[in-house]
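Undergrad: All I have is the shape, not the residue letters:
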């Protein structure tokens, strides 16, 4: 059986966990930064959580997150 969707590249949108009012644009920027700078996240759907001074980025809910300072947005 042929899988016609195997060659289709799709935009990966982050899963956003809102503890505060982090907007989708910021979550997408954090996701893009992580995918660009960390090969382990390349092409994966990411979970982005916002802390007080940091973002927590992971590709699975049970995996330890990458912790990124909010200064990555500057």
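TA: Structure received. Please read all numbers here as calculations on a predicted model, not as lab measurements.

Undergrad: Could you identify the helix or strand that succeeds the worst-scoring helix or strand of the chain on mean pLDDT?
TA: Every helix and strand in the chain was compared by mean pLDDT, DSSP states H and E; the lowest is strand 15-17, with a mean of 63. Sequence-wise, the next helix or strand downstream of strand 15-17 (DSSP states H and E) is helix 24-37.

Undergrad: immediately after that following helix, which helix or strand?
TA: Next element after helix 24-37 (DSSP H and E): strand 47-50.

Undergrad: after that next one, next one along is what?
TA: Next along from strand 47-50, by DSSP H and E: strand 54-58.

Undergrad: which other residues reach that next one?
TA: Here strand 54-58 makes contact (C-beta atoms under 8 Å, 6 or more residues apart in numbering) with 30-31, 34, 41, 46-50, 64-70, 72. Glycine gets a C-beta too; all of them are placed from N, C-alpha and C.

Undergrad: where does the protein dip in pLDDT?
TA: The model of the chain has pLDDT under 70 over residues 1-22.

Undergrad: hang on, isn't residue 72 packed against residue 33?
TA: Yes - at 5.3 Å, residue 72 counts as touching residue 33 under the criterion of C-beta atoms under 8 Å.
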